[in-house]
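Asker: Next comes the sequence, and after it the predicted model I'd like to discuss.
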Amino acid sequence: MNDVADSDRLREKIGQRVAELEQVRTSIGQVIVGQADVIEQMLVGLLAGGHCLLEGVPGLGKTLLVKSLAQSLSLGFRRVQFTPDLMPSDLIGTEILEEDHGTGRRYFKFQRGPVFTHILLADEINRTPPKTQAALLEVMQERSVSYAGETHRLEPPFFVLATQNPIELAGTYPLPEAQLDRFMMHLRIEYPSEAEEQSILRLTTGSGVADLEPVLGREALLELQALTREVSVSDAIIEYVTRLVRATRPDDSAVDAVRQWVRWGAGPRAGQALTLAAKGRALLRGRYAATREDIERMAVPVLRHRVLLNFQAEADRRRVEDVLGPLLDQVPAPGER
């Protein structure tokens, strides 16, 4: 009886939290027109405890999207505009000399930088030099800052949303592949449809949109992140994820598109990210078990930045999606051979 009661309480708790997540999605929808898939993927990344890289041409609302997410959550939020002269100390913090007016003693005190927050918007991350990029990506991985021999832990949750645009590449510093791998997902924001663009014009040329009210707090989000880890994944799904990731590697793949156009495939971290993303999507939809559909819907944003195309693909003007589409079609599903 106790097991049944515990199971019922768990379902009730999940239902309550999922309803709150749906409120977050609805709240963002008051400001952002369309982009339903990108909003869902951002929420999945938040639940899975990963970081996201958003890419899109200027004017598609990348920054507004992140701000709207932060406003919908009762969490700390900081925005950093990445520029060529941004230094690591501008990001992680530095030591300042202070004086005790009572004793006259001088001492160094660590002044925390903007990374000491819950949601960090790294705007145009590819416009700052590699040294500063590396400082941020180290914080993303370790979730702490080491300075002058001391380690300063970041308060969870810590969620980085970095933006970059694929044009105006002069004077930029593209993220190396090893550092791109630190992002759980690479989200691509596309142009809106005609109807969506008309709605954007009505929304943005009127009397203005009020700030969003927070609908989900820190403790509730931490609870959701813990629940995401507990979502069930069958052995068949684990096998399917492994097949997908291994099939991105030209030497191991039976997919013609991979063998023809891929230089380097995804590493084991991709399988971890894909499994966690599938768990997050399942929970977001009120399920406590990940399915094949969850894997297939999250595969492209998880693998997009982890599959490197070769010169032949560039000559043929192929995109990563031209490889991942056939990959998902041809890799056997769970239970198939």
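Answerer: Arrived safely, thanks for sending. In this text, all values refer to a predicted model and were calculated from it rather than measured experimentally.
Asker: how about the helices in the stretch 101-250 of the chain?
Answerer: Secondary structure of the stretch 101-250 of the chain (DSSP state H, counting those that start in this stretch): helices at 130-142, 177-180, 194-204, 218-230, 235-247.
Asker: want to throw these into a markdown table with distance to Gln16, mean neighbour count and mean pLDDT?
Answerer: The way it works is simple: take the backbone N, C-alpha and C, and place the C-beta from them, glycine included. Output for the helices of the stretch 101-250 of the chain, formatted as a markdown table (distance: least, C-beta to C-beta, whole Å; neighbours: other C-beta atoms under 10 Å; pLDDT from 0 to 100):
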| stretch | distance to Gln16 | mean neighbour count | mean pLDDT |
| --- | --- | --- | --- |
| helix 130-142 | 30 | 19 | 88 |
| helix 177-180 | 36 | 14 | 81 |
| helix 194-204 | 31 | 12 | 82 |
| helix 218-230 | 9 | 16 | 90 |
| helix 235-247 | 26 | 18 | 94 |
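Asker: quick one: which of those helices is nearest Val38?
Answerer: Of all the helices of the stretch 101-250 of the chain, helix 194-204 sits nearest to Val38, with 12.5 Å by C-beta to C-beta.
Asker: other SSEs contacting that closest one?
Answerer: With contacts defined as 3 or more C-beta pairs under 8 Å, 6 or more residues apart in numbering; DSSP states H and E, helix 194-204 has no helix or strand neighbours.
Asker: Run through the residues that contact the closest residue to Ile238 other than its chain neighbours.
Answerer: Spatial nearest neighbour of Ile238, chain neighbours left out: Thr275 (7.1 Å); criterion: C-beta to C-beta, 6 or more residues apart in numbering. By C-beta atoms under 8 Å, 6 or more residues apart in numbering, the contact set of Thr275 is Val233, Ile237, Ile238, Val241, Ala290.
Asker: would you list those in a markdown table and tack on distance to Leu161?
Answerer: Shown next, in a markdown table, are the contacts of Thr275 (distance: C-beta to C-beta, whole Å):
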| residue | distance to Leu161 |
| --- | --- |
| Val233 | 26 |
| Ile237 | 27 |
| Ile238 | 29 |
| Val241 | 25 |
| Ala290 | 24 |
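Asker: now what about stretch 203-219, what contacts it?
Answerer: Residues from elsewhere that reach stretch 203-219, judged by C-beta under 8 Å, 6+ apart: 20-21, 23-24, 27-28, 30-31, 33, 68, 71-75, 118, 157.
Asker: Could you rerun that using 6 Å?
Answerer: Glu20, Gln23, Val24, Ser27, Val31, Gln71, Ser72, Leu73, Ser74, Leu75 (C-beta atoms under 6 Å, 6 or more residues apart in numbering).
Asker: Check stretch 132-139 too.
Answerer: Taking C-beta under 6 Å, 6+ apart as the rule, stretch 132-139 contacts Leu86, Pro88, Leu91, Ile92, Val115, Val145, Gln179, Arg182.
Asker: circling back to that earlier point, name the nearest of the contacts of Thr275 relative to His305.
Answerer: His305 lies nearest to Val241 out of the contacts of Thr275, by C-beta to C-beta, at 17.3 Å.
Asker: I figured that closest one was touching Leu274, is that so?
Answerer: Yes - using C-beta atoms under 6 Å, Val241 is in contact with Leu274, at 5.3 Å.
Asker: which residue ranges form the strands in the stretch 151-300 of the chain?
Answerer: Remark: strands assigned in the stretch 151-300 of the chain by DSSP state E, counting those that start in this stretch are 159-164, 185-188, 216-217, 262-264.
Asker: any chance of these in CSV, plus mean neighbour count and mean pLDDT?
Answerer: CSV is the format used below for the strands of the stretch 151-300 of the chain (neighbours: other C-beta atoms under 10 Å; pLDDT from 0 to 100):
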stretch, mean neighbour count, mean pLDDT
strand 159-164, 24, 91
strand 185-188, 22, 93
strand 216-217, 16, 84
strand 262-264, 17, 93
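Asker: and Gly56, which of the ones you listed is closest to it?
Answerer: strand 185-188 (6.6 Å).
Asker: Pull up the pairing partners for the closest one, direction included.
Answerer: Sheet pairing of strand 185-188 (DSSP bridges) gives strand 52-55 (parallel).
Asker: And the residue positioned nearest the centre of the chain, how close does it get to Gly280?
Answerer: Nearest to the centroid of the C-alpha atoms of the chain, with distances taken as C-alpha atoms, centre = their mean, sits Cys52, at 2.1 Å. According to C-beta to C-beta, to the nearest Å, Cys52 stands 12 Å off from Gly280.
Asker: Ile125 too?
Answerer: Note on Ile125: its distance to Gly280, by C-beta to C-beta, is 23 Å.
Asker: For those two, work out which one has more neighbours and name it.
Answerer: Each of Ile125 and Gly280 has its neighbours counted (other C-beta atoms under 10 Å); Gly280 has more, 30 against 26.
Asker: In this structure, where is pLDDT below threshold?
Answerer: 1-10, 168-170, 206-210, 335-337 (pLDDT under 70).
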